[in-house]
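Novice: Structure for the following, please:
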Amino acid sequence: MNKHFQSLPKIALIEFDQSHAECLYSQILFLQDHYQITVFLNKKSPEDLTNIPNITLITLDLDNKKTNQIVKNYLIKEKINKVVFNSAERKIYKFLLLFLFNKQISFWGILHNPNRLKKSLKQKYISFKLKGYFVLSDFVKQNITKEKLTKTPIKSIYTIFFKKENILEKIIKLQNETWIVIPGKVESYRRDYQFLLQLNIPQNIKFIILGNINTPEGIQFKDKVHKLGVSSNFILFESYIQNDVFNQYIENADFILPLIHPNNPFFNKYIKNKITGTYNWAYAFKKTMLLEQSFSSIDEFKETSNFYDIKSKNQIFNSIKEPKKEYTSDKWNFKHQQNTYLNFIKTQ
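Specialist: Sure, this is the predicted structure:
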């Protein structure tokens, strides 16, 4: 470890939960030339951070009742005075109670569920202890501010910088094919897969379900695809998709399809203050999304998406004929996002 690195200030990233760990890699990239980084990660998290240089990675056993105290003791012992919670809700409440009278350590965090600001007393205490919240979209920040949900400062960032895996096996895409990629395993409460089964799909269109199809809902969906005789229009996966393969399909996609429609139980949240990881995959690879027209009034999506009307079943195929988006704004660039992130934890 060189002297320059040892002279850098210290910061910790903490993820007590099993979800959202995909947001950590971008933050590490933002921080790595400016801080000594310690990452605390739930041992059950699927995220693999083991091969990232110049970070200290500590796995957490949340079944151990002493975990919160162990983390606190480590922060104090190592004189770490800045902490960013990768998920600034729920599980961090009890941890922050250990710092009721703390003045030495400053806390920030990513807020994934802004609705908690409306009615959760625990979230109000979390807001009180944090110097600021990050949220993962400009439109989420705008709606929190508009509704005056918190007095805690808020900054929007985009954690859209992923580790590009070495390509182990090159996938084949025919020249005349149009690939529409739907990331994630089949879960009907997240996406409207039935919509796909109602389409008259042109021969050159491939819908790629980029997740393990072997869920109960996935198996049902696969059977319906087979019965309708449209198997040639779908690429499905029978097991976990390795990262290098996943990245290749996104890279080769013509469009990314979130499949979020008004019949989604969380639709009103998606319109106002919730994002899906599908957006970030589109942004990371600068791919045009296909979104239901209800999203067309949001500036962020005007810049990144073509729109279709769910009531006109096959209109989605007209939207793919429209020009693709070019991501011209500076906000999609790494340096812009890095500066936004670093300045927020410096100035608050």
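
Novice: if I pick residue 199, what's in contact with it?
Specialist: By CB atoms under 8 Å, 6 or more residues apart in numbering, the contact set of residue 199 is 313, 314, 316, 317. To be clear about C-beta, it is placed using only N, CA and C from the backbone, and glycine gets the same treatment.

Novice: Of those residues, keep whichever come out buried.
Specialist: Using 16 or more other CB atoms under 10 Å as the burial test, the contacts of residue 199 include 316, 317 as buried.

Novice: Nearest to residue 89 among the contacts of residue 199?
Specialist: Nearest to residue 89 among the contacts of residue 199: residue 316, at 34.7 Å, using CB to CB.

Novice: if I pick that closest one, what's in contact with it?
Specialist: 199, 290, 308.

Novice: Go again with 10 Å.
Specialist: 180, 195-196, 199, 201, 205, 255, 257, 290, 292, 306-310 (CB atoms under 10 Å, 6 or more residues apart in numbering).

Novice: which stretches of this structure form strands?
Specialist: 10-15, 36-42, 55-60, 82-85, 106-110, 132-135, 154-156, 178-183, 205-212, 234-237, 255-256, 288-292, 305-308 (DSSP state E).

Novice: what ranges of the stretch 201-348 of the chain fall below the confidence cut-off?
Specialist: Along the stretch 201-348 of the chain, segments meeting pLDDT under 70 span 348.

Novice: Now render the strands of the chain as CSV, adding distance to residue 75 and mean neighbour count.
Specialist: CSV is the format used below for the strands of the chain (distance: least, CB to CB, whole Å; neighbours: other CB atoms under 10 Å):
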stretch, distance to residue 75, mean neighbour count
strand 10-15, 6, 23
strand 36-42, 8, 22
strand 55-60, 11, 15
strand 82-85, 7, 24
strand 106-110, 10, 21
strand 132-135, 18, 24
strand 154-156, 23, 19
strand 178-183, 35, 21
strand 205-212, 37, 20
strand 234-237, 41, 18
strand 255-256, 39, 23
strand 288-292, 40, 22
strand 305-308, 41, 21
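
Novice: got a markdown table for the ones you listed, with distance to residue 339 too?
Specialist: Output for the strands of the chain, formatted as a markdown table (distance: least, CB to CB, whole Å):
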| stretch | distance to residue 339 |
| --- | --- |
| strand 10-15 | 16 |
| strand 36-42 | 18 |
| strand 55-60 | 21 |
| strand 82-85 | 16 |
| strand 106-110 | 16 |
| strand 132-135 | 14 |
| strand 154-156 | 11 |
| strand 178-183 | 28 |
| strand 205-212 | 32 |
| strand 234-237 | 38 |
| strand 255-256 | 27 |
| strand 288-292 | 26 |
| strand 305-308 | 26 |
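
Novice: what's the closest of those strands to residue 336?
Specialist: Judging the strands of the chain by CB to CB, what sits closest to residue 336 is strand 154-156, at 11.7 Å.

Novice: the domain parsing of this structure - what is it?
Specialist: 8-159, 178-319 (automatic domain parsing).

Novice: and those as TSV, adding distance to residue 337?
Specialist: Supplementary listing: these in TSV, determined by distance: least, CB to CB, whole Å:
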stretch	distance to residue 337
domain 8-159	5
domain 178-319	10
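
Novice: residues contacting the closest residue to residue 214 other than its chain neighbours?
Specialist: Nearest non-adjacent residue to residue 214, counting by CB to CB, 6 or more residues apart in numbering: residue 238, 6.0 Å away. Taking CB under 10 Å, 6+ apart, we find residue 238 in contact with 212, 213, 214, 218, 222.

Novice: can you tell me which of those are in helices?
Specialist: 218, 222 (DSSP state H).

Novice: I am finished for the moment; much appreciated.
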